[in-house]
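Trainee: what follows is a protein structure lacking sequence information:
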Ligand code: IPE
Ligand code: IPE
Ligand code: MG
């Protein structure tokens, strides 16, 4: 594994975020600027995914979540959805070996049953082959929506309460977190969105409560391992207060 494209100088490896979440946006605009079909932007974007996975694994980030397809993205033209599904399948097929070699486990969050059968089959296979890997979790949000996730959580808790297996009096934040798709994961410490849009777009609504947010104007296909490392450095310069007073406040 050697990317060596990045300047990791002055990065404190001991204080990396445990979980980085990414809204990879701007594939369509990247293609439009070049008078290409939007699908070309998605294809180029898949290359960026590979690079960011590689550098994250090299640095020792524990969990990397990519927003790959939202519940709202089902409203895109049929041809674009079809191309994206084909791309997810190809990407998983081609990365399976690299994930094995680099001890990377695949995770999926979202409404998997809405995905086409052939995509689900590849997902099932790669989940199985990589399940014992513990070097990094590569988590893909596919057909994912934060509101759907919260709605499903409420339904599950309500069923358990109605069945008498869960006492409503005991429901607390941990119960909620335990019924989300992300039940086994730490919350993201850092959320990066490319292409300049200042919004969350229904991504990890509960889990991003105290994430540090970074929005870069760079379009996802142009995003590099170098810029990723720069953002990590900036993240390390921020003070996370979690609602408390600053550590440097003496009085
Ligand atoms: C992000 O790029 C990829 C997906 C949502 C699948 P977009 O396709 O949203 O690109 P823009 O925002 O139109 O440029
Ligand atoms: C968010 O990007 C979803 C993904 C990156 C998969 P969108 O392009 O779909 O979001 P909006 O339309 O800008 O809010
Ligand atoms: Mg977009």
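Mentor: Nice, thanks for sending it over. Just so it is clear, the structure is predicted and the values come from calculations on it, not from any experiment. Ligands and ions are numbered 1, 2, ... in the order given.

Trainee: list the contacts of residue 181.
Mentor: 109, 110, 144, 149 (C-beta atoms under 8 Å, 6 or more residues apart in numbering). To be clear about C-beta, it is placed using only N, CA and C from the backbone, and glycine gets the same treatment.

Trainee: how about residue 207?
Mentor: By C-beta under 8 Å, 6+ apart, the neighbours of residue 207 are 21, 180, 182, 185, 187, 188.

Trainee: out of these, which is nearest to ligand 1?
Mentor: residue 21 (14.5 Å; C-beta to the nearest ligand atom).

Trainee: once you drop chain neighbours, what's closest to that closest one?
Mentor: residue 188 (3.9 Å; C-beta to C-beta, 6 or more residues apart in numbering).

Trainee: and residue 121, how close does it get to residue 91?
Mentor: 15 Å (C-beta to C-beta, to the nearest Å).

Trainee: also residue 68?
Mentor: 9 Å.

Trainee: what do you get for residue 28?
Mentor: For residue 28 relative to residue 91 (C-beta to C-beta), the value is 18 Å.

Trainee: of those two, give the one with the bigger neighbour count.
Mentor: Using other C-beta atoms under 10 Å, the more surrounded residue of residue 28 and residue 91 is residue 28, with 21 against 18.

Trainee: pretty sure the more buried one contacts residue 38?
Mentor: Yes: applying C-beta atoms under 8 Å as the test, residue 28 and residue 38 come out as touching, 4.4 Å apart.

Trainee: what does the stretch 151-251 of the chain put close to ligand 2?
Mentor: 197, 199, 201 (C-beta under 6 Å from any ligand atom).

Trainee: all strands of the protein, in order?
Mentor: Ranges of strands in the chain, per DSSP state E, are 19-23, 63-70, 104-109, 136-144, 190-194, 212-216.

Trainee: and residue 21, what's its pLDDT?
Mentor: pLDDT, residue 21: 99.

Trainee: please report the distance of it from ligand 2.
Mentor: Distance from residue 21 to ligand 2, counting by C-beta to the nearest ligand atom, to the nearest Å: 11 Å.

Trainee: got any ranges where the stretch 101-250 of the chain has weak pLDDT?
Mentor: Applying pLDDT under 70 to the stretch 101-250 of the chain flags the ranges 249-250.

Trainee: mind doing that once more with 50?
Mentor: Judged by pLDDT under 50, the stretch 101-250 of the chain has no weakly predicted residues.

Trainee: hmm, residue 42 is touching residue 87, no?
Mentor: Yes: under the criterion of C-beta under 8 Å, residue 42 makes contact with residue 87 at 5.7 Å.
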